[in-house]
Every structure is written in structure tokens, then in C-alpha cells.
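# give me the fold of what follows.
(one chain, ligands or ions: 1)
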Amino acid sequence: MENPQSHTLQLMEFMDNSTSPYHAVKEASEILDTAGFNRIYEDHDWDLSAGAFYVIRDGSMISWIVSDATSLGNGFAIVAAHTDSPNLRLKPVLTGEKFGLKQFGLETYGSPLLNTWLDRDLGISGRLIISKNDSLIETLVQINDPICRIPQLAIHLDRTVNDEGLILNPQNHLRPIWNDLGSVMETFKDFLASQISEPATSLKSWDLMLHDVQSATRIGAENQWLSSGRIDNLVSCHSAITAIKDLTEQKVQNRIPMVCLFNHEEVGSTSATGAASNFLPSVVERLTSQHKTSDKYRALSKSTLLSADGAHATHPNYPEKHDIEHQISLNGGIVIKRNNNERYATTATGQAFVQTLCDSNGLPYQLFSNRSDMNCGSTIGPVTSALLGIETIDIGIAQLSMHSSRELCGVEDAELLTLFMKLYLKSGLFSNL
Ligand code: CO
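Take a look at the predicted model:
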């Protein structure tokens, strides 16, 4: 990494700005724009000549580089990550009020650690649909002022909480307060409309979510860790986009490097834009449409997909939750994830390829396997590998506090991941096996 310091600063800025999947895609597209990528649209005809391109479908994005007509020869070198993070999302009606306070209802998205959303200063972001001049317009909104809070019940009113644990009912206990009764602003919809200087009647609907307004920060005695919301999985998104952006300065021979950032991983990927959708297969189809069908399948047989997502670091306070023969450390290098029940897509072949690429470039790596008596999490790896039938490897970097509103990972790991992805996108993994 030429300048690790500035890489970390760029990562922190990316995390702070990407408070919703739509904002993550917007941030990523701005990075690619500055590197000379061309945005193309699904409802246009595609000029398939050489160049660097990206296409956006809501909160998902696919980017790639075609150097010349021979690029398909060795297939695609794909990195995939996800733009969404577990959080709390707004409902369609926002009229609640109780005991002198204005509130609104929320729904959990994915599996957030609910307690981590209490007593935080919360902002809101996402997209609004506005009616203007007889048409519906989508606009992104991001409010980083602390406009609401979910207050925890005082211990005097909940004496057993430290012994018996905190039980939160999402319907009753996660309603934020945002204003006093009797104030000028009637409903939260009025407040949202005021933020975009539109009348409340023109505000039709929204996909909005809360975020902790505290910025990403380096912590630890040697500033060696990064504390931020959405580390899972914006760190992987940022590494992937940085890696493909830097490739435009070099010519990639006989290979199409590609980066896929998918929405909806945290809720199972089944949506029009998620990893289980036809987004990636349709892009592959269009990129290979001028070739013979057999050329397409020959290319896919040589392709690989790196599915990058957060990995569990071994927690020092809960050693019993980990397989001690597969310890994972923060700043310990690329984590290769294995699971014999296909919760991760990595095969022996994929593992060996990643190890070889790391070894030949002096990059550290670690092997993760879940405890055999616990259910294992999953990623977009198995979904995409099943859709395309290509060798897929689940990797990531270690983190603590996964699915907290504020997670923790190693600063060095984030740089390493970027470097690793750069090497992979340039050369692929299949060499001589
Ligand atoms: Co994840």
C-alpha cells in the first residue's frame, strides 16, 4: 500500500458517508467516476467495446474493466461484497405520540444487536419518493444531526436488568423520541419534508433507516483499530472499489476484473437487487452476448468469485464461543472461511488458491471454522456460486461486535484486504491447477 494513512482516512470517510445502501452505492460511484469509469444503464443498449464501466440497480452496483477483445479468454475475476448493514428502519406511518413526546415506529432490518441502538444520538438516511410536476422523483436524504434517540429504561425501574439480561420488544421498546408534543412540527413526515424544502403532501413514501451520528474513529493505544458503524460490510465494499479503481492504470490481460456490491445480504439476498437476483447473471449475459455460448461457458469455467464479508475475531471474554484451533485475531490478516455444510462457499481448491496468492506476496492469512456445536452464519458466497457455477471463496477481515451499531476491526487488515483484492483482480487465482 503506497500510503496506508490516506487509505484509512478514505475508508473512514466512505464509512461515514455510506449510512444507507443507496449512499454506499453513491459513494462508490463517485470514486469510480474520478477514476474514469463510465456509468451505463440497464435500460440502454450497451456498447461492449473496451473500457471501465459500472451499472447501478437501486442499492446494488456492478463494475468491471474490459481491456481488449481477448479479455474474456480467462473469464471473470469477481469480488463481491454487500452494501447493507443490520439496522432499524422507519415504517410507512409516522404519527406516534405518548406522554408529551412525539415518536415513530421502527422495524428491525436483518439481525442488529438491539441494545447497541439505545442511548445513541441517531440520524436518518435513505431515499424519499416525492411527487413533483406530475411525476415521482427519487431523492437521497441524509440527516447527520442527532434528531432522535431510543432512551433505555432507568435501572431504578428495571432492577434485574444486570442479572437477567435486557429483553427488548421491537414493537414496544424501540420507538425513538424526536420532539415534544405541541411543537410546530406536527408529524415526523412534516420534519422530513422540511429537510428537503418540500410540502409534506408531496412526500409519498420512503426507505429510511437510522444511524449513529458518531464518526468512524481509530482507537487503541497505537490507533490500531477502527471503530465505526457498518464495518460489516462497508470495509469490504471500500477495499473492492479501491482495488478495481486502481486497476484502470494498468492493463489486465485476458481477464475481466469485476466488483459486485449487493444490497439485501442481511435479509437473505432474495430481492430484485440482491445477490440471489438476476443482476449479476444478466450483466455476465450482456458482456458475453457477442461471443458463442460455448465461449461464455468456457469463460465461466475459468472464472472465480471472492466473496468478502466480515469474519468473527476470537473474543477474549467469550473463548467458549470459538473453536480454539481456529483462532482469529484483529490485524491478523485475510480470513479464509471454511464450512463443510456450504454456509461458506470455499472449497479446498479455493482455500489453496488464496493461500498461494497470500504466500507468494508475503500477506498473512488465518483459517476460520465455526464451533461444531453451533450454527454457522452465511454470506453471499454460496448464493452467487450456485447462480453462476463458478469457484467461489469466502474471505474477509476479522472484527469484534459484529452487528452492533458500532463495530470494531483492524486498520492494517483493511489495507491488507485492499492489497489482496488488487492482486486477485489483476491476476485471478487459477494458475496451474
Ligand atoms: Co456481512
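# for the residue nearest to Phe188 when sequence neighbours are not counted, what are its contacts?
Leaving aside its chain neighbours, Phe188 sits nearest to Leu94 (3.9 Å; criterion: Cβ to Cβ, 6 or more residues apart in numbering). C-beta coordinates here come from the backbone N, C-alpha and C atoms, glycine included. Applying Cβ atoms under 8 Å, 6 or more residues apart in numbering to Leu94 gives the contacts Phe104, Gly105, Thr187, Phe188, Lys189.
# which one of the residues you listed sits closest to the ion?
Ranked by distance to the ion (Cβ to the ion), these are led by Gly105 at 25.9 Å.
# list the contacts for the closest one?
Taking Cβ under 8 Å, 6+ apart as the contact definition, Gly105 lies against Leu90, Lys91, Val93, Leu94, Gly96, Gln171, Arg175.
# ok, the last one - how many residues close by?
This points to Arg175. 18 (other Cβ atoms under 10 Å).
# rewinding a little: rank the contacts of Leu94 by pLDDT and give me only the lowest.
Within the contacts of Leu94, the minimum per-residue pLDDT falls on Thr187 (89).
# out of the contacts of Gly105, who's nearest Asp212?
Ranked by distance to Asp212 (Cβ to Cβ), the contacts of Gly105 are led by Leu90 at 15.8 Å.
# circling back to that earlier point, by neighbours, which of the contacts of Leu94 wins?
Top of the contacts of Leu94 by neighbour count (other Cβ under 10 Å): Phe188, with 24 neighbours.
# need the max-distance pair from the contacts of Gly105.
Within those, Leu94 and Gln171 form the most distant pair, 15.1 Å apart (Cβ to Cβ).
# so Gln366 is in which element?
In the assignment (DSSP states H and E), Gln366 maps to strand 365-368.
# please save the CA atoms from that strand in PDB.
Extracted as PDB, the C-alpha positions of strand 365-368 are listed here (Å, rounded to 0.1, in the frame of the first residue of the first chain):
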ATOM      1  CA  TYR A 365      -3.900 -15.200   6.400                       C
ATOM      2  CA  GLN A 366      -5.900 -17.100   9.000                       C
ATOM      3  CA  LEU A 367      -8.300 -20.000   8.800                       C
ATOM      4  CA  PHE A 368     -11.800 -19.700  10.300                       C
END
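# is the ion within reach of the next helix or strand after it?
Later in the chain than strand 365-368, the nearest helix or strand by DSSP H and E is helix 381-388. No: if you take Cβ under 5 Å from the ion as the test, helix 381-388 misses the ion, and the best it gets is 10.8 Å.
# how far is helix 381-388 from where the chain is centred?
Distance, stretch centre to chain centre, for helix 381-388: 17 Å (Cα atoms, centre = their mean, to the nearest Å).
# what does the helix or strand just after it rub up against?
Sequence order places strand 391-396 as the next helix or strand after helix 381-388, per DSSP H and E. Strand 391-396 is contacted from outside by 236, 303-311, 334-337, 344-347, 349-351, 353-354, 379, 381-382, 384-385, 417, 420, 429-430, using Cβ under 8 Å, 6+ apart.
# buried only: go through the residues you listed for me.
If you count burial by 16 or more other Cβ atoms under 10 Å, the buried members of the contacts of strand 391-396 come out as 236, 303-311, 334-337, 344-346, 350-351, 353-354, 379, 381-382, 384-385, 417, 420, 429-430.
# which residues does Ser228 contact?
Going by Cβ under 8 Å, 6+ apart, Ser228 touches Met12, Met15, Asp16, Ser215, Ala216, Thr217, Arg406, Glu407.
# and it, how far from Ala414?
Using Cβ to Cβ, to the nearest Å, Ser228 is found at 11 Å from Ala414.
# ramachandran angles for the residue lying closest to Ser71 once chain neighbours are set aside?
Leaving aside its sequence neighbours, Ser71 sits nearest to Ile256 (Cβ to Cβ, 6+ apart; 5.1 Å). Ile256 adopts backbone torsions of phi -110, psi 100, taken as degrees, to the nearest 10.
# so Ile256 bridges to which residues?
Judged by DSSP bridges, the bridge partners of Ile256 are Phe76.
# report the contact partners of it.
Ile256 is in contact with Trp64, Ile65, Val66, Ser71, Leu72, Gly75, Phe76, Ala77, Leu287, counting by Cβ under 8 Å, 6+ apart.
# have a look at those residues and tell me the least confident one.
Lowest in pLDDT among the contacts of Ile256 is Ser71, which has 83.
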